[in-house]
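Q: heads up, no residue letters with this:
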């Protein structure tokens, strides 16, 4: 009976979600409490026995699936527990920045988007509990990812065959935040949770967060919330790299110097969630409602005071982004005792919007309203063979309206079906993935113009069909040496901003120009890695090569460019608001790189130490001679780290050197080399009343170096924060 109620609830909820968020909330709560309770009561209610007859003894058959001790298949990195708690930053990109192969595409302290092996934006999927975050972070680098890392229980970085589950938007990988807002298991205790408080000196501010789970029998209720407030960021020197700014915008532009501090870099964010679930021996049914708001500034980058309105006194530019997001989601899972290992479904309605304003005057409003549903069946054939079959449906309405309306309101529909096959033996394992995806984009406008000078006709709709396939092989060569190899073929449909952008975007100092002629982007990736693990050392190395046909990218076109054989001058919106034109183009590109780390642990009388050395590099270039390098890639970096552990104590010192990025791309500015020294320490202790306590301190950029992030659009206007220290205290109960 349980599976009938779960699947019926899933279908009914899909219908409610299609009718809008107002009815969705009532639907989720009502269905959860009514249908779910009936289902579990029916399945778990004990039968009344006849007192006059001895009870019959039933035969009970227990089914169990043993996971072989073979190697891990799809490459994945998971951060959780104390390690995650120590590394949580104000953004998702800052949290993952020290992972090999992952960098932070910062846009001031309020925005940090993960870059995986040189790819980001529409090629790296951001997920929250298996469903897309559906913010506007892929549309522009000044838009934050709408998640709060402090509430995460786990953060997974996924590559390999498993990414076919998430669509062509995960061509470069996927980052999944798991926050436990929908409990998946019956409660082990009546009350449990976490309370945490943090303080930082750069930017100066505080963060408070809590998570509480209350449960009885099969029912669990989850509540969480957070509040973060930070001030302006201190920097080692000047905000502007004046040589780079004048190289890009010309000698005639005058800028105002800003020393020691990034003005308008303060931020505040808050949010929370309520979730509930009913879980039994064969599955669960749950729902959650969450909200988040995040208001942050874009540092002015030295632009002098100005006025857009004639006769009004000049004022300093103060661009703010104020975002709000609400999510309503539901998950269900049934685990029958048969070769059908699991049937799962989830659906979410996400309503996202943010306003971009200059001195409290709203210039642009972005909106992204999405309904996403996913269903999956896992088949268990034996201990060494499993199959996953799934489908994904995304209905998305996206648009940017206002003074900077550079993306028209559009309806984007995506339908994907996929299959993942795994073979896992004791000495080797293999994984295959395949996906077919159709994407249709329908703009609400039939024509767009550039300042009334040039008109461009838009199609009624743009249709794409993309195919993806992947293969991963892992082999234990000896007891200490294992190897893995993978190949993937991924087609990606152009995203809406790549197709339809046309207009100024002052936050990024750019005039964005889309391209309706864009074709599918096709990526062929090859990877080979080794893991050598002995009692005295561990060595991990990965080498990869990507051949991307029709790679979609934004190229700095400078101040003059041709549109339909007409010359359009985009020198400056005003003399004090100079922008460059960035057009979406396609060229064949190649990426190659490596990541390697060697670790040597050794035991002493005072505790366990380990010393590691690491290095990573990604190189991207266009095949066409003279086209140069792929812009905004991280440079070669290498370094070392020392860690210490004993009886709840943990310490780490990490020193890395990033070389100069001298292959920045056409019309892009170079970035100098820098050193980054960080340190962290923590102590886990027993608190009163049986509680567990966790105290930590983390220091970044201890050398106070002037760091210009080559992956940032605004690296010449704003360096990374100077010396910073964060302290925190957490109690688990």
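A: Nice, thanks for sending it over. The shown structure was predicted, so the numbers you read here are calculated from the model rather than taken from an experiment.

Q: ok, residue 658 - how many residues close by?
A: Residue 658 has 24 neighbouring residues, counting by other Cβ atoms under 10 Å. For every residue, glycine as well, the C-beta is placed using N, CA and C.

Q: same check, this time on the one 5 residues further on
A: Residue 663 is flanked by 17 other residues according to other Cβ under 10 Å.

Q: on the three-state scheme, it is what?
A: With DSSP: H, G, I helix; E, B strand; the rest coil as the basis, residue 663 sits in coil.

Q: state the distance from the nearest residue to residue 518 once chain neighbours are set aside to residue 582.
A: Distances taken as Cβ to Cβ, 6 or more residues apart in numbering place residue 494 nearest to residue 518, at 4.2 Å, with adjacent residues excluded. Noted for residue 494: a distance of 15 Å to residue 582, by Cβ to Cβ, to the nearest Å.

Q: same question for residue 401.
A: 21 Å.

Q: out of these two, which sits in the busier spot?
A: A direct count of neighbours by other Cβ under 10 Å for residue 401 and residue 582 places residue 582 higher, at 24 against 13.

Q: could you look up the SS state of that one?
A: The three-state label given to residue 582 by three-state DSSP is strand.

Q: can you check the pLDDT for it?
A: pLDDT recorded at residue 582 is 82.

Q: skipping adjacent residues, who's closest to the residue most central in space within the chain in space?
A: The centroid of the chain falls nearest to residue 126 when counting by Cα atoms, centre = their mean (3.5 Å). Distance criterion Cβ to Cβ, 6+ apart; nearest residue to residue 126, sequence neighbours excluded, is residue 133 at 4.3 Å.

Q: the one you found: neighbour count?
A: 25.

Q: residue 143 is in contact with that one, correct?
A: No - in terms of Cβ atoms under 8 Å, residue 133 does not count as a neighbour of residue 143; the distance is 10.9 Å.

Q: any regions of the chain where pLDDT drops low?
A: Within the chain, the segments meeting pLDDT under 70 span 1-75, 248-257, 301-315, 403-405, 449-455, 506, 509, 558-579.

Q: could you rerun that using 50?
A: For the chain, applying pLDDT under 50 flags the ranges 1-72, 560-576.

Q: helices of that one, start to end?
A: 2-18, 21-31, 37-44, 81-87, 92-96, 242-249, 496-500 (DSSP state H).

Q: report the distance from the fourth one to the chain centre.
A: For helix 81-87, the gap between its own C-alpha mean and the chain's C-alpha mean amounts to 17 Å (Cα atoms, centre = their mean, to the nearest Å).

Q: please apply the same query to the last one.
A: Using Cα atoms, centre = their mean, the mean C-alpha position of helix 496-500 is found 20 Å from that of the whole chain.

Q: got the contact list for that helix?
A: Residues outside helix 496-500 that contact it (Cβ atoms under 8 Å, 6 or more residues apart in numbering) are 122, 138-140, 398, 407-408, 410, 412, 441, 443, 448, 458, 462, 512, 514-516, 518, 552, 584.

Q: and if we set it to 6 Å?
A: 139, 398, 407, 408, 410, 412, 441, 443, 514, 516, 552, 584 (Cβ atoms under 6 Å, 6 or more residues apart in numbering).

Q: what's the last one in contact with, if anything?
A: Taking Cβ under 6 Å, 6+ apart as the definition of contact, the neighbours of residue 584 are 498, 514, 515, 554.

Q: of these, which is the nearest to residue 525?
A: residue 498 (20.6 Å; Cβ to Cβ).
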